[in-house]
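> Below: sequence and its predicted model.
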Amino acid sequence: MNVLIITEVNSRRNYGGKEKFNRYLIKHLLNKGYKVIEYSLNFHTESNFNNIEYGNNYSFIVFPKKLSSSNLNWKMNQIDKQIYEYCDSNNFDIIISSLHDDLKKTKTRKNFIYVTHNSPAGLLGWNNDNIFFKFKKLIKQFLGYTNQFKNLQNLVVPDYETYKDLVKKTRKAKKIANIFVITWPHELDQEDDNAFLDYEQIKKRQNDVIWVGRIYNKQKNIRYLNSVANELEKYNIKLHVYGNGPDKKFLNSSNVVFHGWLNDKNKLNILSQYKFFVIVSNNEGSPLVLYESISCGVPIIGRKTFPNLSYLLKNNNGFLINKTANPKMFAKKINELMKISNDEYYKIVQQNITFYKQNLQINSFYEGWDKVLNKLTNT
């Protein structure tokens, strides 16, 4: 059986959550005996690639014209037409797309699956200093996002909170015949998933907080994060930042400690050195680093701005802060949580790892996709 995966990324590139999502999915499909073609709208020439050999049943092709974010939107009709014709000539059993943009013609196929990495609440959280520009762009983004669900028959979402947000705020989503909830993939690097339950080691965690990601203010709310760091200084709590990006200049607090990018091989060990993980983003889909933080028992403190976070912290394994809370209030809550007893903290660590084992392990991802593929190939 043949599967086409349409994306803006390259799964062999060692970059972010979407690449890893595709990587896990491709490997699973190949192990199941499928032939997979990854069709990318953006070819990356950087040397930052994983040393991955998928085998003879995998092919990678690129849209023939060079695309950028500035010219992608107006070329979508051309792209859609080419993909539709490509599907006709290659007789794919399954077509999977995770594009942000709408494939108006291709998506009408019964074997087409759209994977959303975002939510209405997430999109409406985009930040911009110019209020008029922000409102205008939000409306455009939201309409573009919801139009993807028109005439769509199969949709995959990462959790039930995103599903509820989607159905509540998007009328077109209510008409989709099949909506599948599949947990996003993650697996521990350690052979022993109890490695992070050592009570004595947990007591040695630094009384500081960690933030990981691309330093990009529009999405990650970097100016707010910097203000939180300033407020934390009076509590003698440091903010450790792992990442880089175009808005690093906004993180100018003397209370911020920069460490550069976090290596995947050491990520879980680094995360587990700190007492709490913080996230203050205006908009997110399903950030992989949150899954990783939970897997090694590091409680998350975050603003309630996107539904995936509410899902991940539903087991009393983290702390949601009202999205209207100012940096001073956010920092005060962090300081309060730093004071909880070792036993109480250990209980929260256990709740995180239990939630990971029951809900977030890689097998849940594989089983979810098996159900989708069986349903669509047997109808």
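All right, it came through fine.
> hang on, residue 29 packs against residue 36?
Yes - using Cβ atoms under 8 Å as the test, residue 29 is close enough to residue 36 to be in contact (5.1 Å). Quick note: C-beta positions are derived from backbone N, CA and C, even for glycine.
> quick one: which of the two has more around it?
The residue with more neighbours, out of residue 29 and residue 36, is residue 36; 26 against 22, by other Cβ atoms under 10 Å.
> Checking my notes, that one in a helix, right?
No - per DSSP: H, G, I helix; E, B strand; the rest coil, residue 36 lies outside any helix segment and is strand.
> what residues are up against it?
Applying Cβ atoms under 8 Å, 6 or more residues apart in numbering to residue 36 gives the contacts 2, 3, 4, 5, 26, 29, 30, 54, 57, 58, 59.
> Please identify which of those residues is nearest to residue 339.
residue 26 (45.8 Å; Cβ to Cβ).
> Specify the local secondary structure of that closest one.
helix.
> ok, now how distant is it from residue 54?
Per Cβ to Cβ, to the nearest Å, residue 26 is found 6 Å from residue 54.
> So which of these two has more stuff around it?
residue 26 (24 against 17).
> which residues touch that one?
With contact set as Cβ under 8 Å, 6+ apart, residue 26 has these partners: 5, 11, 36, 38, 54, 58.
> For stretch 346-364, measure first residue to last.
Stretch 346-364 has an end-to-end distance of 26 Å (Cα to Cα, to the nearest Å).
> quick one: buried residues of that stretch?
For stretch 346-364, the neighbour count (16 or more other Cβ atoms under 10 Å) marks 346, 348-353, 355-356, 359-361, 364 as buried.
> those strands in the stretch 51-200 of the chain, which residues are they?
Counting by DSSP state E, counting those that start in this stretch, the stretch 51-200 of the chain has strands at residues 58-62, 94-97, 112-115, 154-157, 178-181.
> one step back: and the furthest pair within the contacts of residue 26?
Farthest-apart pair in the contacts of residue 26 is 5 and 54; separation 11.6 Å (Cβ to Cβ).
> so where's this structure uncertain?
13-16, 42-51, 64-74, 120-145, 188-194, 379 (pLDDT under 70).
> still on that earlier bit, which ones among the buried residues of stretch 346-364 lie within helices?
When DSSP state H is applied, the buried residues of stretch 346-364 are split such that 346, 348, 349, 350, 351, 352, 353, 355, 364 fall in helices.
> quick check, nearest of the residues you listed to residue 146?
For those, the nearest to residue 146 is residue 364 (27.9 Å; Cβ to Cβ).
> From residue 370, how far out is that closest one?
In terms of Cβ to Cβ, residue 364 sits 11 Å off from residue 370.
> All the strands of the stretch 251-379 of the chain, in order from the start?
Under the criterion DSSP E, counting those that start in this stretch, the stretch 251-379 of the chain contains strands at 256-258, 274-279, 300-303, 319-321.
> tell me, what's touching residue 29 and residue 36 both at once?
residue 3.
> what about the residue nearest to residue 235 when sequence neighbours are not counted, distance to residue 175?
Nearest residue to residue 235 in three dimensions, chain neighbours excluded: residue 335, at 4.2 Å (Cβ to Cβ, 6 or more residues apart in numbering). As judged by Cβ to Cβ, residue 335 and residue 175 stand 48 Å apart.
> More neighbours: which of those two?
Using other Cβ under 10 Å, the more surrounded residue of residue 335 and residue 175 is residue 335, with 15 against 12.
> Test my guess that that one contacts residue 237.
Yes - at 6.5 Å, residue 335 counts as touching residue 237 under the criterion of Cβ under 8 Å.
> Please report the distance of residue 235 from residue 89.
63 Å.
> who's more crowded, the two?
Between residue 235 and residue 89, counted using other Cβ under 10 Å, the more crowded position is residue 235 (16 against 7).
> ok, now which ones touch the more buried one?
331, 334, 335, 338.
> follow-up on the earlier one: can you redo the strands of the stretch 51-200 of the chain as JSON lines with mean neighbour count and distance to residue 226?
Output for those, formatted as JSON lines (neighbours: other Cβ atoms under 10 Å; distance: least, Cβ to Cβ, whole Å):
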{"stretch": "strand 58-62", "mean neighbour count": "15", "distance to residue 226": "38"}
{"stretch": "strand 94-97", "mean neighbour count": "24", "distance to residue 226": "37"}
{"stretch": "strand 112-115", "mean neighbour count": "23", "distance to residue 226": "33"}
{"stretch": "strand 154-157", "mean neighbour count": "22", "distance to residue 226": "33"}
{"stretch": "strand 178-181", "mean neighbour count": "16", "distance to residue 226": "36"}
